[in-house]
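S.K.: sequence below, structure please.
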Amino acid sequence: MQAPGSIDAMQQTLGRAGYVASRPLATVAFLALRLGRPLFLEGEAGTGKTEIARTLAATLGRDLIRLQCYEGLDATTAVYEWNFAAQMIAIRTAEAAGNADAEVLNRDLFGPDFLIERPLLQAMRPHENGPPVLLIDEIDRADEPFEAFLLEALSDHQVTIPELGTIRAPEPPIVVLTSNRTREVHDALKRRCLYHWVDYPDFAAEMEILAARVPEAGARLAQEVTGFVQRLRAEDLFKRPGVAETIDWAKCLLALDAVALSPELISDTLGAVLKYQDDIARMEGSEAARLLSEVRARLGPAA
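M.R.: Below is the predicted model of the structure:
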């Protein structure tokens, strides 16, 4: 599928795939595709940053390649590894057969047959259905030296393997970087990207998301779930629930055949929406009842 030809088309394309994007987000995604620039998405965990990369890959019919960042990730691990176990077997086989010519063996051992391709190298390879979507997830968890390497790789659209040389992408991949802002990412990397802050949706937008992702939820249950999660985000919690938690909670409640919230039901299922015991303990019992009363007062009587 070709990239959408306008911002409205981008918003509609994402929407048909179940991703409710604001116009500013649709705009920056459209420009990233049109200009061939990496898309840098920053925001709280659970606001849909990773999901947009999956949705873009699905709607464009491209392969999705994900590089999950973590502390200690280095350039080599992100690009390639050599299959050490297979190399050892090849060495022993050659020795047993009397074919252990050092120069030939060395050339064979560090050839494509023993190369394990990691995400960055995979993204530089040609793909039958067009350049893949390369998701570099949670770049803020990686170390600064990896950022510097990534800056060069994304600028030149190539990676170097000492034993094989430089491998350049025939067409640049579609790059989406995400950050939960556990630390500041260097300005040099951000300057190479189109930037967007992905915030929590308002009530109307979150209702639309829930309708797209959990269409079987009744109107009243969807309203109460959305209103309650929105109210939770205003509390002083260690970790505020994201959109992913809203969707998970609605699915859990449906599995329990719920048609509306109750204080008891909230207390029983808070683990689907809050992920820290201190937050759960604070919101159980009378506090859950108080928040639910506030939500229902704003929603008005059920139809």
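
S.K.: number of nearby residues for L210?
M.R.: 24 (other CB atoms under 10 Å). Where you see a C-beta, it was placed from the backbone N, CA and C, and this is true even at glycine.

S.K.: host element of it?
M.R.: helix 203-213 (DSSP states H and E).

S.K.: quick check: buried residues in the next helix or strand after that helix?
M.R.: Using DSSP H and E, the next helix or strand after helix 203-213 towards the C-terminus is helix 219-232. Under the neighbour-count criterion of 16 or more other CB atoms under 10 Å, helix 219-232 has L221, A222, Q223, E224, V225, T226, G227, F228, V229, Q230, L232 buried.

S.K.: and for the fifth one, nearest residue in space, chain neighbours not counted?
M.R.: Using CB to CB, 6 or more residues apart in numbering and skipping residues adjacent in sequence, the residue nearest V225 is A250, 5.1 Å away.

S.K.: from the buried residues of helix 219-232, pick the one nearest V295.
M.R.: Nearest to V295 out of the buried residues of helix 219-232 is G227 (CB to CB; 3.9 Å).

S.K.: could you export the buried residues of helix 219-232 to TSV, including columns for distance to I280 and pLDDT?
M.R.: Shown next, in TSV, are the buried residues of helix 219-232 (distance: CB to CB, whole Å; pLDDT from 0 to 100):
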residue	distance to I280	pLDDT
L221	21	95
A222	23	96
Q223	23	96
E224	19	96
V225	17	97
T226	20	97
G227	19	96
F228	14	96
V229	14	97
Q230	18	96
L232	11	95
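
S.K.: got TSV for these, with distance to V79 too?
M.R.: Formatted as TSV, the buried residues of helix 219-232 follow (distance: CB to CB, whole Å):
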residue	distance to V79
L221	47
A222	45
Q223	48
E224	48
V225	43
T226	43
G227	47
F228	45
V229	40
Q230	43
L232	41
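
S.K.: now do the helix holding L210: distance to the chain's middle.
M.R.: 19 Å (CA atoms, centre = their mean, to the nearest Å).

S.K.: next, E71: phi, psi?
M.R.: The phi/psi pair for E71 (degrees, to the nearest 10) reads phi -60, psi 130.

S.K.: my guess is it meets D140, correct?
M.R.: No: in this structure E71 lies outside contact range of D140 using CB atoms under 8 Å: 10.3 Å.

S.K.: neighbour count winner among these two?
M.R.: Of the pair E71 and D140, D140 is the one with more neighbours under other CB under 10 Å, namely 16 against 8.

S.K.: would you mind measuring from the more buried one to V185?
M.R.: 6 Å (CB to CB, to the nearest Å).

S.K.: what does P131 give?
M.R.: 24 Å.

S.K.: what of P170?
M.R.: In terms of CB to CB, P170 sits 28 Å off from V185.

S.K.: neighbour count: those two, which is higher?
M.R.: For P170 versus V185, neighbours defined as other CB under 10 Å are more numerous around V185 (18 against 10).

S.K.: and that one, what does it touch?
M.R.: Listed by CB atoms under 8 Å, 6 or more residues apart in numbering, the contact partners of V185 are F40, E42, I139, D140, E147, S179.

S.K.: am I right that the first one is in a strand?
M.R.: Yes: residue assignment for F40, taken from DSSP: H, G, I helix; E, B strand; the rest coil, places it within a strand.

S.K.: quickly find the element holding the residue most central in space within the chain.
M.R.: What sits nearest the mean C-alpha location of the chain, by CA atoms, centre = their mean, is T50, with 1.9 Å. Using DSSP H and E, T50 sits within helix 49-60.

S.K.: what packs against that helix?
M.R.: helix 7-16, helix 23-35, strand 39-43, strand 64-68, strand 133-137, strand 174-179 (3 or more CB pairs under 8 Å, 6 or more residues apart in numbering; DSSP states H and E).
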